[in-house]
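# Following is a predicted model, sequence given first.
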Amino acid sequence: MKSLMSLWSQMAEESAIRCCTSAIRDINTITERVEHEGLSFLTITLPDLGKAIQKWLDQGQAGIHPAFRNERGGSFPRFLGGFFTRVFDRSSGLLLDEPCIDSIIALRQLTLMFGKIELPCTPKRVKGAMSNYVKCEQEVRQFDMNLTKKDLVEFEQMSDLLFRDTFLKMDRMVYYGAVFPKHGPGAVADGLTSNGKYNLRTWTSRLEGVLPSSEHVIPNARFSHILDDVHFLEPGSEMPVKVISVPKTLKTPRIIAMEPAHMQYVQQALSRCFLECYRESDILPKLIGFDDQVPNQDLARRGSLNGDTATLDLSDASDRVSNQLVRAMVRRFATLHRAVDATRSRKADVDGFGEIRLAKYASMGSALCFPIEAMVFTTLIFVGIQRSLNRSLTRRDIYALADSVRVYGDDLIVPVDHVLSVVSALEHFGAQVGTDKSFWTGKFRESCGREYFNGSDVSLVRVRQALPDTTADVAGVISTVALRNQLYLSGYWRTVRWLDKRLRGLLRYYPDVVPTSPVLGRVSFLGYQAEGTHPSLHTPLVKGYVVEAKAPKDELGDTGALLKCLLRLERSESSWDTSSYSIPSTCHLGQTHYYESSPLGLPPTGQDEKHLERSGRPKHVGIKLGRWVPY
């Protein structure tokens, strides 16, 4: 805690120099309050003030915060007053005509920097998060009951307008068996290891009707005898998802659900199927993002500058997507509808509450959670716009609005002219708009990790781990080096010198490197200093520490090994052409079709050649001294 306070003090002093003010009283306040309130002051109370400041910027006037005293006769907190006076008028609290951008950055940096530090919550807070999960489930059921037939018809028609062509292609792919599953590296509810998943012997009756085990559990028909050992689960006896908590912030953990291996396996197939069809669309990539946050950030910047776009953030986004809405969305596509329903887990095992039946489509942890919620939120945005215009939207309207609507998970960009109607539609169908992180009235906007005020980037650098005392704290060392480099690129050079001194006491070798280097080193605008040269490539080399993370031992052989190799081989092939109904009949696993179409008739080799010996997420991460490593 002392090291975090020292870091805060360093940043406060440097920010004060930038803004031509003093932070001495602020540092004294921090010292006193942390002494009495503990770490929660840095990680909970200060971030609450930071969120309030963001709303004040959006509303154009400072207000009262219950955790901090206002100055006598003043309109904003006495704490950080030197920065506040350069942004808000002291007497009225109104936003200045030309507020100091450096002071806005300082206020956000000094209040929010510890807001997302990864620390374990108390058991009481974990229990509260589990209780909120169950409460959220009850609210989804209530919203389902409140929706009228007219609401569902409107939702279905809008979804059809947006996704009809994509769903038709997906429906064909599922019908012709041109979808290919895969196992991810994460943990599953049935406790199988990463490679052990390829010896899967559990399936469900629901899956068998649309994604048969004969096409997905075994490599090809030669191994059909293995199907005699497959245990088929009826709907009433299916394994529930296992709801767990993982560290997020000291205030609340992140709640996720571990899917059974067989469910996660086929969810990946539908997810990939959707992404292939999504990329072929001429409009969806303009509306929805999955791997590029920059379009959202650009629209947020534009909105802060000219006020034409609003940024909305949803609370408990994935847990509030109703299965009723998803069913309505794909109802007209029979095969796809069955597949989407069959790959959804219907029950959850919640610690302290037992098994509950789910009304939501899926929790975070399902491979389909992210794409499904994006499609539902996109549909609801356009339902809100349609209600605002009081007329039915057409395909031409969708194209016209594509430059002011964007969805990336629970980060939404919508036109300001229709924002109230969109918020109303979202909440009417069960979503919950986070008012403290949604902005549309002033010049402040936030989306996908970037914040802007009047076109200027006022984003901050967050501390993710406590500062390390020894190299044994590997996660802390790696995180602190990354923090140092982010602060350097943000111009906090006095704070960087303080961190460099601390890191030099831990790392014997700490060279200057470029941002893409695998070495734990210092990024510098002054370049790097090579300590050697590669004998054949003649590239510069340095001596330093590199991150070492080995996958755990997990040997796989026999049929499971063949299945994994064939699945990896299939993923290396080009995507299927979904524009035709005539899907090749030789697209099942194990066909020589794959070998014939690969270079030289051989399966391509991956970078991890020992994937049949080691697999899965590393259980331990270490750092080791690399003698000569690319700079």
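Okay, I see it. Numbering: from 1, shown residues only.
# Surely residue 462 is in contact with residue 109?
No. When contacts are counted by Cβ atoms under 8 Å, residue 462 is not listed as touching residue 109 (9.3 Å). No exception for glycine: its C-beta is placed from N, CA and C like everyone else's.
# between the two, who's got more neighbours?
Neighbours of residue 462 and residue 109, each counted by other Cβ atoms under 10 Å, are more numerous for residue 109; the result is 24 against 15.
# before we move on, which element is that one in?
helix 101-112 (DSSP states H and E).
# chain center to that helix, what's the gap?
Relative to the chain's own centre, helix 101-112 is displaced by 24 Å; criterion: Cα atoms, centre = their mean, to the nearest Å.
# Over to stretch 208-220?
When distances are taken as Cα atoms, centre = their mean, stretch 208-220 is centred 31 Å away from the chain's centroid.
# That stretch: which residues count as buried?
Buried residues in stretch 208-220, defined by neighbour count with 16 or more other Cβ atoms under 10 Å: 210, 211, 213, 214, 215, 216, 217, 218, 219.
# and what of stretch 114-130?
In terms of neighbour count (16+ other Cβ under 10 Å), stretch 114-130 has its buried residues at 114, 115, 116, 117, 118, 119, 121, 125, 126, 129, 130.
# now swap in stretch 537-552 and tell me
For stretch 537-552, burial by neighbour count (16+ other Cβ under 10 Å) applies to 540, 541, 542, 544, 545, 547, 551.
# again with stretch 482-492
Residues of stretch 482-492 classed as buried by neighbour count (16+ other Cβ under 10 Å): 483, 484, 485, 486, 487, 488, 490, 492.
# now stretch 134-147
Neighbour-count burial for stretch 134-147 flags 134, 136, 137, 139, 140, 141, 143, 144, 147 (criterion: 16+ other Cβ under 10 Å).
# Return the subset of those lying in helices.
Among the buried residues of stretch 134-147, DSSP state H puts 134, 136, 137, 139, 140, 141, 143, 144 in helices.
# Closest one to residue 512 out of the residues you listed, please.
Closest to residue 512 out of those is residue 136 (48.7 Å), distances taken as Cβ to Cβ.
# State the three-state secondary structure for the residue lying closest to that closest one once chain neighbours are set aside.
Leaving out its chain neighbours, the residue that sits closest to residue 136 by Cβ to Cβ, 6 or more residues apart in numbering is residue 319, at 4.8 Å. For residue 319, the secondary structure call by DSSP: H, G, I helix; E, B strand; the rest coil comes out as helix.
# Residue 319 reaches residue 361, doesn't it?
No. Counting by Cβ under 8 Å, residue 319 stays clear of residue 361, with 9.6 Å between them.
# Of those two, which one has the most company?
Neighbours of residue 319 and residue 361, each counted by other Cβ under 10 Å, are more numerous for residue 361; the result is 27 against 23.
# which stretches of the protein have low pLDDT?
Scanning the chain with the threshold set as pLDDT under 70 gives 571-608, 627, 630-631.
# Kindly provide the distance from the nearest residue to residue 267 once chain neighbours are set aside to residue 209.
Counting by Cβ to Cβ, 6+ apart, residue 267 lies nearest to residue 367, which is 3.8 Å off, once chain neighbours are set aside. When distances are taken as Cβ to Cβ, to the nearest Å, residue 367 and residue 209 turn out to be 20 Å apart.
# Next: residue 8.
As judged by Cβ to Cβ, residue 8 and residue 209 stand 58 Å apart.
# just residue 321 next, same as before
Between residue 321 and residue 209 the computed distance is 24 Å (Cβ to Cβ).
# Okay, buried residues for the helix ranked longest in the chain please.
Selection of the longest helix in the chain by residue count, based on DSSP H, yields helix 149-175. When burial is assessed from 16+ other Cβ under 10 Å, helix 149-175 yields the following buried residues: 151-152, 154-163, 166-167, 169-175.
# Over to stretch 234-244?
Residues 238, 239, 240, 241, 242, 243, 244 are the ones in stretch 234-244 that count as buried (16+ other Cβ under 10 Å).
# Those residues into TSV, with extra columns for secondary structure and distance to residue 73?
Putting the buried residues of stretch 234-244 into TSV (DSSP: H, G, I helix; E, B strand; the rest coil; distance: Cβ to Cβ, whole Å) gives the following:
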residue	secondary structure	distance to residue 73
238	coil	65
239	coil	64
240	coil	59
241	strand	56
242	strand	56
243	strand	51
244	strand	51
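# now those residues in a markdown table, with distance to residue 570?
Rendered in a markdown table, the data for the buried residues of stretch 234-244 read as follows (distance: Cβ to Cβ, whole Å):
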| residue | distance to residue 570 |
| --- | --- |
| 238 | 27 |
| 239 | 27 |
| 240 | 30 |
| 241 | 27 |
| 242 | 29 |
| 243 | 32 |
| 244 | 31 |
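# ok, of the residues you listed, which one's closest to residue 33?
For those, with residue 33 as the reference and Cβ to Cβ as the criterion, the closest is residue 244, at 33.4 Å.
# Which residue ranges make up the domains of the protein?
Following the assignment in automatic domain parsing, the chain carries domains at 2-115, 123-453, 474-552+622-630.
# Figure out which of the ones you listed is closest to residue 567.
Among the domains of the chain, if distance is taken as Cβ to Cβ, the winner is domain 123-453, at 5.6 Å.
# For the stretch 301-450 of the chain, just list every one of the strands.
For the stretch 301-450 of the chain, the strands identified by DSSP state E, counting those that start in this stretch occupy 309-313, 347-350, 354-357, 406-408, 411-415, 444-447, 450-453, in order along the chain.
# Can you tell me the closest non-neighbouring residue to the residue most central in space within the chain?
The residue at the geometric middle of the chain, judged as the C-alpha nearest the mean C-alpha position with Cα atoms, centre = their mean, is residue 409 (7.3 Å). Spatial nearest neighbour of residue 409, excluding adjacent residues (Cβ to Cβ, 6+ apart): residue 370 at 6.3 Å.
# Who are the contact partners of the one you found?
Going by Cβ atoms under 8 Å, 6 or more residues apart in numbering, residue 370 touches 290, 318, 409.
# would CSV of those with distance to residue 105 be doable?
Supplementary listing: the contacts of residue 370 in CSV, determined by distance: Cβ to Cβ, whole Å:
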residue, distance to residue 105
290, 30
318, 32
409, 26
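# which of the residues in stretch 387-401 are buried?
Buried positions in stretch 387-401, judged by neighbour count with 16+ other Cβ under 10 Å: 387, 388, 393, 397, 398, 401.
# Any idea how far apart the tips of that stretch sit?
This stretch, stretch 387-401, spans 15 Å end to end (Cα to Cα, to the nearest Å).
# Show residues contacting that stretch.
In this structure, residues lying in contact with stretch 387-401 by Cβ under 8 Å, 6+ apart are 158, 161-162, 283, 287, 382, 385-386, 415, 417-418, 420-422, 424-425.
# Could you work out the end-to-end span of stretch 354-373 for me?
26 Å.
# Can you list the buried residues in that stretch?
356, 358-373.
# Keep only those of these that are in helices.
Filtering the buried residues of stretch 354-373 for helices - DSSP H - leaves 369, 370, 371, 372, 373.
# which one of those residues sits closest to residue 342?
residue 372 (14.1 Å).
# Thought residue 75 was touching residue 89, still the case?
Yes. Counting by Cβ under 8 Å, residue 75 is a contact partner of residue 89 at 7.4 Å.
# coming back round to it: where's the residue nearest to residue 267 relative to residue 523, distance?
35 Å.
# Please apply the same query to residue 151.
Computed as Cβ to Cβ, the residue 151 to residue 523 distance reads 52 Å.
# count of neighbours near the spatially closest residue to residue 549 that is not a sequence neighbour?
If you skip the residues right next to it in sequence, residue 549 has residue 618 as its closest partner in space, 3.9 Å away by Cβ to Cβ, 6+ apart. Residue 618 sits with 14 neighbouring residues when counted by other Cβ under 10 Å.
# can I assume residue 618 is in contact with residue 547?
No. Taking contact to mean Cβ under 8 Å, the distance of 9.9 Å between residue 618 and residue 547 leaves them out of contact.
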